[in-house]
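Trainee: quick one, fold the following:
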Amino acid sequence: MKKKLDKEQLKFTLDLLNKNKYFEDEAPDIKKAKLKSIISELKANNIEVDEDFFLKLFSRQKFEKGLLDFTIKALKKYNYIDDTTLDYDKIQLRTLFTELRNKRIYPGEDFFIELATQLKLQYFDAELLKDIHYLASALPYNVMRNNLIFLLQITSEKVVIATSNPFNFQLFRELERLFKKRIEIYLATTEAIEFVLDRGWREMHSEKAMSDLLLKTPEYSASK
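Mentor: Modelled structure (predicted):
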């Protein structure tokens, strides 16, 4: 877990350096550097970074830590976890809700409504989500289930999704790149996301199976 966290932080650091044009292809050793040696590699390549770079780097770390602390505190407040539920020294913001699901911990509306308020997002009611289960085929099943998302709508300007993991920033950036539209996020419970996905895909495959059966039935084929 620590190695994965370092790898993600290193990628963010390199992307930030590249975005600010501190290096391009002339300093390949930097791209191979480890997180703990990145500053040494910069100096070795005579690359000086200004204060703004470090402000952005550490503001992100502070931002994510603040979100993680708030989320854990809220989970404890509603008695979904306690001091022994997770390895808090290794927990990551992005994978927190996946780890909760793996432990069969499903926070309810009380928690997600408070989280939505804190993040200034809208909460998507579970019953309303269940009514649109027919949209379950909008993205590959494993992509949606593994990332705890459900695609609600695509317009000319935006892609609207419901998720129980609002901290999967990398996924949202990838969806934005894929659809070439901005991503609008609603919060929903993990239980509601899983229910609507499973129901939608189950009904879709049931309809396909029935259609295939009819096409293979001699009487039906003869009438054609």
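Trainee: name the SS class of Ile161, please.
Mentor: At Ile161, secondary structure determined by DSSP: H, G, I helix; E, B strand; the rest coil is strand.
Trainee: pretty sure it contacts Arg182?
Mentor: No - under the contact definition of CB atoms under 8 Å, Ile161 does not touch Arg182, with a separation of 11.4 Å. (C-beta placed from N, C-alpha, C; glycine too.)
Trainee: who has more neighbours out of the two?
Mentor: With neighbours defined as other CB atoms under 10 Å, Ile161 and Arg182 compare such that Ile161 has more, 25 against 12.
Trainee: ok, now which ones touch that one?
Mentor: If a contact means CB atoms under 8 Å, 6 or more residues apart in numbering, then Ile161 has Ile149, Phe150, Leu151, Leu152, Leu175, Ile183, Glu184, Ile185, Tyr186 as its contacts.
Trainee: doesn't the third one belong to a helix?
Mentor: Right, the one you point to is Leu151. No - under three-state DSSP, Leu151 sits outside any helix and is assigned strand.
Trainee: that one: how many residues sit nearby?
Mentor: 19.
Trainee: what's the answer for the fifth one, then?
Mentor: Each residue near Leu175 was counted by other CB under 10 Å, and the total is 20.
Trainee: likewise Phe172?
Mentor: If you count neighbours by other CB under 10 Å, Phe172 ends up with 19.
Trainee: nearest residue to it other than its sequence neighbours?
Mentor: By the measure of CB to CB, 6 or more residues apart in numbering, the closest residue to Phe172 outside its immediate chain neighbours is Ile183, 5.0 Å from it.
Trainee: quick one: that neighbour is in a strand?
Mentor: Yes - assessed by three-state DSSP, Ile183 belongs to a strand.
Trainee: so it sits against Phe169, correct?
Mentor: No - Ile183 lies out of contact with Phe169 (CB under 8 Å); the separation is 10.2 Å.
Trainee: just the helices from this structure, written as ranges.
Mentor: Counting by DSSP state H, residue ranges of the helices within the chain are 2-19, 28-31, 38-44, 51-77, 96-102, 109-119, 126-130, 141-147, 169-179, 190-216, 218-223.
Trainee: out of those, which gets the lowest mean score?
Mentor: Looking over these, mean pLDDT reaches its minimum on helix 218-223, with a mean of 48.
Trainee: measure Thr85 to Lys103 for me?
Mentor: Between Thr85 and Lys103 the computed distance is 7 Å (CB to CB, to the nearest Å).
Trainee: who has more neighbours, Ile183 and Phe169?
Mentor: Each of Ile183 and Phe169 had its neighbours counted (other CB under 10 Å), and the higher figure belongs to Ile183 (17 against 13).
Trainee: residue contacts, the more buried one?
Mentor: Contact analysis of Ile183 by CB under 8 Å, 6+ apart lists Lys158, Val159, Ile161, Phe172, Leu175, Glu176.
Trainee: turn those residues into TSV, columns for distance to Tyr123.
Mentor: Shown next, in TSV, are the contacts of Ile183 (distance: CB to CB, whole Å):
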residue	distance to Tyr123
Lys158	18
Val159	19
Ile161	14
Phe172	18
Leu175	20
Glu176	22
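Trainee: tell me the one of the residues you listed nearest Leu68?
Mentor: Of all those, Phe172 has the smallest distance to Leu68: 17.4 Å, by CB to CB.
Trainee: give me the pLDDT for Asn20.
Mentor: According to the prediction, Asn20 has pLDDT 54.
Trainee: one more: Phe124?
Mentor: For Phe124, the pLDDT comes out at 92.
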